[in-house]
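# sequence? don't have it. structure:
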């Protein structure tokens, strides 16, 4: 329990610094960033790895949880240590906290 | 993206299949190792296809071993594989290398100049001046000194206010904008009279400044004052002004022209030659061996056309010279032919001498002498007749 409290406090500090410096939260706190174009292309930045990949579902580990992208004909067009670019018919994006 | 595809094709691309219990682990380890994988597609429940650089395959195998996956090459594409396949065909390899070098060399040259300008300037002259300044097909793009070319053109062409030269790929796009010249201002500080330049009958008179001395319908002689620049103020003396007026008069102009009784015409014998040459990078290469022309009298028409492959213009022009032999023959000129020729000559002479004259009527006399036809034409024209002359103030004061 105390560990979780510390993490929450840390996140709060990063958010405060980000607000004070007027800088995007993803550059300071390293939280994920999504960019979707017309439901056909999706870029996720600040990822921590691919947990599951199929033509219908891609689960990606991000800071503080898991992002799930659902759809059809999903193709990982490119990926690197901190980002992933998915193409296909994207029907659903959800985030679950862990 | 297109450039990336070309680079990948040059370095070689392999399509791999990865199979195992946890293929996602392979992807995560590969990304941590800095391996570039793209176009990842699922292949069944326990595997996927992906593309990678051919040179990374050893590292991919290591990653697969760590992820407990099996990796196989399914497809190889790219230049290195083509070269490997044809490594024993020396001539093919040399030709391919020569072609590559040629393409690289040709891409360093300027292949064409496209000029966009209105009617305000002579297009052919501007293109010629651009060519003289160094902007022409066949020159090295790296050696082009655009500011210098721009300065040369702006110095030589007063009518151009701005010229833009953009190099896009192997073509130069030139755009010229016209200069609006300020109107020539008359020196109004100097007093002047307006006199007639012809013997004429005043057709219309519109005076803006000065004292009118004639009226519409009045006959005037050459040098007669039409508008005075000296206005008598009675006891107050004289006021000197710069007279301004628009005065049209009916003028009768005599034009004299003649043609000989016999004309000369060219009769083509039917003999002709065609000689071709290719011009590129300022060098002309003749496509014929014998450069002599076997005719005594001939016409030579040279046609220059850019060599194209489809709609794509190459940095070379084809020069086609057509040489046609002819002989000169004299023939008696008929009266009708002579009349028509003389009418045209007289009219052109009138136009050259007085371009502003509007012809209202004409009286023609046509005579034949021992050696020529003569035409005396009298044109009745309406045209500007006013001319300004300076007022001598000293003479006025003495008077």
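In hand now; what should we look at? Not measured: the values here are computed from a predicted model. Numbering: from 1, shown residues only, chains lettered A, B, ... in the order given.
# Does whatever residue of chain A ends up closest to chain B lie in a helix or a strand, and which?
When distances are taken as C-beta to the nearest C-beta, chain A reaches nearest to chain B at residue A:76, 3.7 Å away. All C-beta spots, glycine's among them, are computed from the backbone N, C-alpha and C. Assignment of secondary structure by DSSP states H and E places residue A:76 within strand A:65-80.
# Could you pull out the buried residues of that strand?
A:66, A:67, A:68, A:69, A:71, A:74, A:75, A:76, A:77, A:78, A:79, A:80 (16 or more other C-beta atoms under 10 Å in any protein chain shown).
# Which strand residues bridge whichever residue of the stretch 201-350 of chain B sits closest to chain A?
Distance from chain A to each residue of the stretch 201-350 of chain B (C-beta to the nearest C-beta) is smallest for residue B:312, at 32.8 Å. Taking DSSP bridges as the rule, residue B:312 bridges to residue B:309.
# pLDDT score assigned to it?
With respect to pLDDT, residue B:312 has a value of 74.
# Enumerate the residues of chain B near chain A.
In this structure, chain B approaches chain A at residues B:23-24, B:27-28, B:31-32, B:34, B:36-42, B:48, judged by C-beta under 8 Å from any C-beta of the partner chain.
# Show me the two of the residues you listed that sit farthest apart.
Farthest-apart pair in these is B:34 and B:42; separation 23.5 Å (C-beta to C-beta).
# With neighbour numbers in mind, choose between these two.
residue B:42 (20 against 10; other C-beta atoms under 10 Å in any protein chain shown).
# domain parsing for chain A?
Chain A is divided into the following domains under automatic domain parsing: A:1-29, A:32-97.
# What residues are bridge-paired with the closest residue to residue B:160 other than its chain neighbours?
Nearest residue to residue B:160, sequence neighbours excluded (C-beta to C-beta, 6 or more residues apart in numbering or on different chains): residue B:176, at 5.0 Å. Under the criterion DSSP bridges, residue B:176 forms beta bridges with residue B:163.
# And the residue in the stretch 101-250 of chain B that chain A sits nearest to, its phi and psi?
Relative to chain A, the nearest point of the stretch 101-250 of chain B is residue B:169 (28.5 Å; C-beta to the nearest C-beta). With angles defined as degrees, to the nearest 10, residue B:169 shows backbone torsions of phi 70, psi -120.
# Near it, how many other residues are there?
For residue B:169, which is what you asked about, the neighbour count (other C-beta under 10 Å) is 9.
# what are the ranges of the strands in chain A?
A:33-37, A:41-45, A:47-53, A:57-62, A:65-80, A:83-97 (DSSP state E).
# before we move on, the earlier item: can you get me a residue count around the residue of the stretch 201-350 of chain B closest to chain A?
Neighbouring residues of residue B:312 were enumerated by other C-beta under 10 Å; the total is 9.
# which residues touch the residue lying closest to residue B:286 once chain neighbours are set aside?
Excluding the flanking residues, the one nearest residue B:286 by C-beta to C-beta, 6+ apart is residue B:277, at 4.8 Å. Applying C-beta atoms under 8 Å, 6 or more residues apart in numbering or on different chains, we find residue B:277 in contact with B:284, B:285, B:286, B:287, B:288, B:318, B:319, B:321.
# Quick one, which of those are buried?
Using 16+ other C-beta under 10 Å as the burial test, these include B:318, B:319, B:321 as buried.
# State the phi and psi torsions of the last one.
What that stands for is residue B:321. With angles defined as degrees, to the nearest 10, residue B:321 shows backbone torsions of phi -100, psi 120.
# so what pLDDT did it get?
According to the per-residue confidence, residue B:321 scores 92 in pLDDT.
# Direction included, what does the helix or strand where residue B:377 lies pair against?
Residue B:377 is part of strand B:372-384, with elements assigned from DSSP H and E. In the sheet, strand B:372-384 lines up against strand B:244-260 (antiparallel), strand B:358-368 (antiparallel) (DSSP bridges).
# Output those as TSV; include the columns mean pLDDT and distance to residue B:381.
Conversion of the strands paired with strand B:372-384 to TSV gives the following (pLDDT from 0 to 100; distance: least, C-beta to C-beta, whole Å):
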stretch	mean pLDDT	distance to residue B:381
strand B:244-260	92	5
strand B:358-368	91	6
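# In JSON lines: those strands, plus mean neighbour count.
What follows is the strands paired with strand B:372-384, written out as JSON lines (neighbours: other C-beta atoms under 10 Å in any protein chain shown):
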{"stretch": "strand B:244-260", "mean neighbour count": "17"}
{"stretch": "strand B:358-368", "mean neighbour count": "12"}
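# out of these, nearest to residue A:34?
Relative to residue A:34, the nearest member of those by C-beta to C-beta is strand B:244-260, separated by 76.6 Å.
# what does chain A put close to chain B?
A:49-55, A:74-81.
# State the pair within those residues that is farthest apart.
Farthest pair in these (C-beta to C-beta) is A:55 and A:81. Separation: 23.7 Å.
# The domains of chain A: which one's closest to residue B:325?
Ranking the domains of chain A by proximity to residue B:325 (C-beta to C-beta) places domain A:32-97 first, at 70.4 Å.
# what's the distance between the spatially closest residue to residue B:69 that is not a sequence neighbour and residue A:62?
Spatial nearest neighbour of residue B:69, chain neighbours left out: residue B:20 (3.1 Å); criterion: C-beta to C-beta, 6+ apart. To residue A:62, residue B:20 is 24 Å away according to C-beta to C-beta, to the nearest Å.
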